[in-house]
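Chemist: One predicted model, sequence on top.
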Amino acid sequence: MSHPPTWVLGIESSCDEMAAAVVRDGREIAASCVQGQEDVHRPYGGVVPELASRDHVRAVSQVAERALALAGIGAEQLGGVAVTAGPGLVGSLLVGLSFGKALAYRLGVPLVGVHHLSGHLASAELADPTLRAPYLGLVVSGGHTALYRIDADAPPALLGETRDDAVGEAFDKVAALLGLGFPGGPAVARAAERGDPAAFRFPRPLADQPGFDFSYSGLKTAVATLVERRGALGDAERADVAASFECAAVDVLVERATRAARATGLDRIAVVGGVAANQRLRRELAAAGARAGFAAVFPPAALCTDNAAMIAAAGAQLLARGERHGVALNAYSRAPLGSSPWAG
Ligand code: KG4
Ligand code: ZN
């Protein structure tokens, strides 16, 4: 029996991207718009929270209108609104959240607050409709590095997480150390293509320890110490440092993921978040999976970095389960996945 499509508008504004997307029946992306702020933050070498929220205020309604126009629907056709409620920069989150609340109220449709990491994990299910729990979820972004066990009808179970820096944060800091600019991850990856990953042997923190935790601050410090010792770097040497750093950062992720697959017996691992766009990680994890008997699922690059399609998809699942968060929904800078303050 056919039923009318359910359209959900997703809004994501947890950091420096304002994004809006329309997803049909929870799985099909009808439109996904992302407006970045690189030019706003580049002079500072990192995201300036107050400038991020001010830019979001200017962008939010235009980006949402663009998503609806691209999807070819009017706001009155929406069946629900999903918005990131945390974790993230509170000022930034509040812009998307307030817009989403007002829109849902005006339309008389349900609103759900989505956890940013539930959104990232949903991006893998969007990209690969055959992906079904149980599977492993590896979240690698600018703010998070964590490994989860994903089961049906249960909150994600944390297996391990970073004890200090996130892996994307390490990419960003190394980019700054090497003068490669902002945003750092793609810049390091580009420089690394021309370098020798075996030129320098950087540490692989916690590699010989049990458990699934990560640590990236020692790796970052090793790069900083080397750069300081060498003084001005030529282009070739800079490329070698970038490649050697990228190789160490990726090795740690591949080693932990492989160990988790062996320990749990799960044969699928979804890799999500901005660093999942990294080509070396994609290549190395696919190769490790072929050897160890697991398959790595990577969303396309546009779904790895922050976007609203993933928020709409995760929100559609919550709405289908009857979750509703009213106008009292707040924004949270910190929120554990699986037991967030608003249960999203
Ligand atoms: O998921 P995301 O867009 O935002 C957060 O939730 O943090 O991830 C952004 C992070 C940044 O640290 C960025 O440098 C990193 O992802 N990143 C990459 C690549 N593309 C983005 N890191 C390594 N290689 C890439 N190709
Ligand atoms: Zn993110």
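Modeler: In hand now; what should we look at? Ligands and ions are numbered 1, 2, ... in the order given.
Chemist: contacts, neighbours, all on C-alpha from now
Modeler: Noted.
Chemist: how about the residues of the chain that lie near ligand 1?
Modeler: Residues of the chain that fall close to ligand 1, judged by CA under 6 Å from any ligand atom: 141-143, 168-169, 171-172, 183-186, 189, 273-275, 277-278, 305-306.
Chemist: ok, 8 Å please
Modeler: 14-15, 116-117, 120, 140-144, 166-172, 183-190, 246, 272-279, 301, 304-307 (CA under 8 Å from any ligand atom).
Chemist: Inside strands: which ones of the residues you listed?
Modeler: Mapping these onto strands (DSSP state E) picks out 140, 272.
Chemist: I believe residue 84 is in a strand; please confirm or correct that.
Modeler: Yes - counting by DSSP: H, G, I helix; E, B strand; the rest coil, residue 84 is part of a strand.
Chemist: nearest spatial neighbour of it, skipping sequence neighbours?
Modeler: residue 114 (4.7 Å; CA to CA, 6 or more residues apart in numbering).
Chemist: mind checking the SS state of the one you found?
Modeler: Assignment for residue 114 (three-state DSSP): strand.
Chemist: any idea how far it is from ligand 1?
Modeler: Relative to ligand 1, residue 114 is positioned 13 Å away (CA to the nearest ligand atom, to the nearest Å).
Chemist: Report pLDDT for that residue.
Modeler: Looking at residue 114, its pLDDT is 98.
Chemist: For it, which residues are in contact?
Modeler: 82, 83, 84, 85, 86, 311, 314, 315, 344 (CA atoms under 8 Å, 6 or more residues apart in numbering).
Chemist: Contacts only, for the residue positioned nearest the centre of the chain.
Modeler: Nearest to the mean C-alpha position of the chain, counting by CA atoms, centre = their mean, stands residue 273 at 2.6 Å. Applying CA under 8 Å, 6+ apart to residue 273 gives the contacts 120, 139, 140, 141, 304, 305, 306.
Chemist: How many neighbouring residues does the last one have?
Modeler: For residue 306, the neighbour count with other CA atoms under 10 Å is 27.
Chemist: So in this structure, where's the weakest helix or strand by average pLDDT?
Modeler: Lowest by mean pLDDT, DSSP states H and E among the helices and strands of the chain is helix 38-41, with a mean of 94.
Chemist: Could you check that helix and say which residues are buried?
Modeler: residue 41 (16 or more other CA atoms under 10 Å).
Chemist: Past that helix, which element shows up next along the chain?
Modeler: Downstream of helix 38-41, the next assigned helix or strand under DSSP states H and E is helix 49-71.
Chemist: so what secondary structure elements neighbour that following helix?
Modeler: strand 18-24, strand 28-35, helix 38-41, helix 90-107 (3 or more CA pairs under 8 Å, 6 or more residues apart in numbering; DSSP states H and E).
Chemist: TSV for the ones you listed, including distance to residue 158?
Modeler: Output for these, formatted as TSV (distance: least, CA to CA, whole Å):
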stretch	distance to residue 158
strand 18-24	27
strand 28-35	28
helix 38-41	32
helix 90-107	24
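Chemist: most tightly surrounded among those?
Modeler: strand 18-24 (a mean of 29; mean count of other CA atoms under 10 Å).
Chemist: about what we covered before: among the contacts of residue 273, who's most crowded?
Modeler: residue 120 (32 neighbours).
Chemist: Among the contacts of residue 273, pick out the one closest to residue 322, please.
Modeler: residue 120 (21.1 Å; CA to CA).
Chemist: That closest one touches residue 272, doesn't it?
Modeler: Yes - in this structure, residue 120 is within contact of residue 272 by CA atoms under 8 Å, at 5.7 Å.
Chemist: hey, what's in contact with both of those two?
Modeler: Taking CA under 8 Å, 6+ apart as the contact rule, residue 120 and residue 272 both touch 139, 304.
Chemist: got any ranges where the chain has weak pLDDT?
Modeler: 1-2 (pLDDT under 70).
Chemist: most residues in a single helix of it, which one?
Modeler: helix 235-264 (DSSP state H).
Chemist: Check which helices and strands that helix is in contact with.
Modeler: Using 3+ CA pairs under 8 Å, 6+ apart: helix 235-264 touches strand 135-140, helix 167-177, helix 184-193, helix 217-230, strand 268-272, helix 279-292.
Chemist: hey, C-alpha coordinates of the last one in CSV?
Modeler: Presented in CSV, the C-alpha positions along helix 279-292 are these (Å, rounded to 0.1, in the frame of the first residue of the first chain):
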residue,chain,number,x,y,z
GLN,A,279,41.5,9.0,1.5
ARG,A,280,44.3,7.3,3.3
LEU,A,281,41.9,6.2,6.1
ARG,A,282,39.5,4.9,3.5
ARG,A,283,42.2,3.0,1.7
GLU,A,284,43.9,1.6,4.8
LEU,A,285,40.8,0.5,6.6
ALA,A,286,39.3,-1.2,3.5
ALA,A,287,42.6,-3.1,3.2
ALA,A,288,42.6,-4.1,6.9
GLY,A,289,39.0,-5.2,6.6
ALA,A,290,39.8,-7.4,3.6
ARG,A,291,42.5,-9.1,5.7
ALA,A,292,40.6,-9.4,8.9
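Chemist: Just the buried positions in it, please.
Modeler: 279, 280, 281, 282, 284, 285, 286, 287, 288, 289.
Chemist: ok, and the closest non-adjacent residue to the fifth one?
Modeler: Spelled out, that is residue 284. Sequence neighbours aside, residue 254 is the residue nearest to residue 284 in space, at 7.0 Å (criterion: CA to CA, 6+ apart).
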